[in-house]
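# test case, fold it:
(chains A, B and C)
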Amino acid sequence: MYALIDCNNFFVSCERLFEPGLEGVPVGVLSNNDGCVIARSEELKALGITMGMPVHQIPSGQRRRIVLRSSNYALYGDLSSRVQQVLAARVPALEPYSIDECFLDLRGIGGDLDVLGRSLVQAVEREVGLPVSLGIAPTRTLAKLANRRAKGMPGHSQFCLWPDAQAPELSRYLHQLPLKAVWGIGSRLALKLASLGIDNAAALRETPEALLRMRFSVVVARTARELRGTPCLEAHELATPRRSILCSRSFGRLINDRQQLSDALRHHCQRAGEKLRRDDMLASAIGVFLRTNPHHTGPQQSHSLWTMLPFPSADTLRLNHHAQRLLADLWRPGIAYQKLGVMLADLSPRHGSQASLFEGHEPARQEALMLAWDAIRQRYGRDSLTLGLRYDNATWPMNSRYRSPCYTTRWDELPQVST
DNA sequence: TCTGGGGTCCTAGGACCC
DNA sequence: TCTGGGGTCCTAGGACCC
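As a prediction, this is how the structure comes out:
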């Protein structure tokens, strides 16, 4: 048996935890750049504000009645790890899945699952203060659905236990469940499946595996099998070490200027190098992508280029050097670009990686330079040392007008208390 | 005017080999 | 005129997730 526990309206709940006045109020949390709504309170959902809705599409009448917050990932990340600590103290096998979700492997756990499930929900609420939902079922895919079912439960019992995949109650639930609600079936696949007459979760799990394998992919076939109650996903498939790093940002307006694109790329390379060194890893391949605005009509372009580094590296200067050459090959005159990013792949641990006889390695001087670089920024702040001009001098500063204080990670942002 | 960012996995098709 | 078959590897792009 597996469980899925997740925090209800996680980002909104985090904001409310430190600002209780937001209880009962329609609250939304915005994406980077304050572009669109990525988390909603129940009150905001009731107003018809949809997931991913651009802020500028919210009618101004509604806009005045709701509260918006910029995303504050330092706060959410910290609360997320507190939730995990509470769970880890009670269940042996934890599989964190996202910032607000965690699978629990309950195989081999004796005792009453109903009692265990309810006690976990209560423990998180009591010790962290965040409301959570919990679903338990024979597979992870079904546990996700049990969790969804739990959220619909009346009152405070956000818990659902489905011990048997073939139980009539579960079958009834799957019959009325749109395909899109199933983990692994997105809107595109749902459309294609519907064209074959498969338009709910029960229909999917009754479809012969060979047909799904032939017309779709192993992923869809596996999902159907999970719906029938046979576990197909291994833990290591969920929690593998990071395989790639991506740093990207929309510009907020369209850009073709080579220099401005180059500036943005330099900034992204700097962040990517930092992530890499924080994880103590090296990258062997680097890629750059450049794309137009997919929301606009007219011709679209979205291309990426990759190159191998001469040897595995975590050197910001080297990453930037190769990325800039890729950008030069990607860039075309007269095209209005909306987004640019750098990607690192073929990651390996910095220590313990076997040095090849023929392959070079980063000179010790460069490694020392990057260590000093990180140390200076750590000590004197991120703005104390940057590659080239500071990025916020550029034309597209990132918007985060409504960010709350980092209550749990920054002393200087704690509200003043008068004595 | 303004539409996120960061990941994973799979597949089709091209390049290449014998 | 007639121009193989079978395999591997790599990459770009698509689909999914939160």
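# how far away is residue A:268 from DNA strand C?
18 Å (Cβ to the nearest atom of the strand, to the nearest Å). Glycine gets a C-beta too; all of them are placed from N, C-alpha and C.
# where in the stretch 251-400 of chain A is pLDDT low?
A:352-359, A:390-399 (pLDDT under 70).
# looking at it, what residue ends up closest to DNA strand C?
residue A:306 (4.4 Å; Cβ to the nearest atom of the strand).
# tell me the secondary structure for that residue?
Under DSSP: H, G, I helix; E, B strand; the rest coil, residue A:306 falls in the strand class.
# you'd agree it is up against residue A:289?
No - Residue A:306 is beyond contact range of residue A:289, at 9.7 Å (criterion: Cβ atoms under 8 Å).
# neighbour count: these two, which is higher?
residue A:289 (19 against 14; other Cβ atoms under 10 Å).
# so the closest residue to residue A:212 other than its chain neighbours is in which element?
Nearest residue to residue A:212 in three dimensions, chain neighbours excluded: residue A:221, at 4.3 Å (Cβ to Cβ, 6 or more residues apart in numbering). Assigned by DSSP states H and E, residue A:221 falls within helix A:218-227.
# so what's the residue of the stretch 251-400 of chain A closest to DNA strand C bridging to?
Counting by DSSP bridges, residue A:306 is bridged to residue A:287.
# roughly how far does it sit from residue A:345?
Distance, residue A:306 to residue A:345, by Cβ to Cβ, to the nearest Å: 8 Å.
# name the residues contacting each of those two.
A:285-287 (Cβ atoms under 8 Å, 6 or more residues apart in numbering).
# looking at the stretch 251-400 of chain A, which residue is nearest DNA strand B?
Nearest residue of the stretch 251-400 of chain A to DNA strand B: residue A:295, at 3.9 Å (Cβ to the nearest atom of the strand).
# now do the contacts for that residue.
Applying Cβ under 8 Å, 6+ apart, no residues contact residue A:295.
# so which residues on the stretch 301-419 of chain A come close to DNA strand C?
A:302-306 (Cβ under 7 Å from any atom of the strand).
# let me fix that: the stretch 101-250 of chain A
A:101, A:144, A:182-190.
# what helix or strand is the closest residue to residue A:389 other than its chain neighbours on?
The spatially closest residue to residue A:389, leaving aside those adjacent along the chain, is residue A:263, at 7.1 Å (Cβ to Cβ, 6+ apart). In this assignment (DSSP H and E), residue A:263 forms part of helix A:258-278.
# close to DNA strand B, is that helix?
Yes - Helix A:258-278 is in contact with DNA strand B by Cβ under 7 Å from any atom of the strand, via A:271, A:275.
# also stretch A:79-93?
No - figure legend: stretch A:79-93 not in contact with DNA strand B (Cβ under 7 Å from any atom of the strand); closest approach 13.5 Å.
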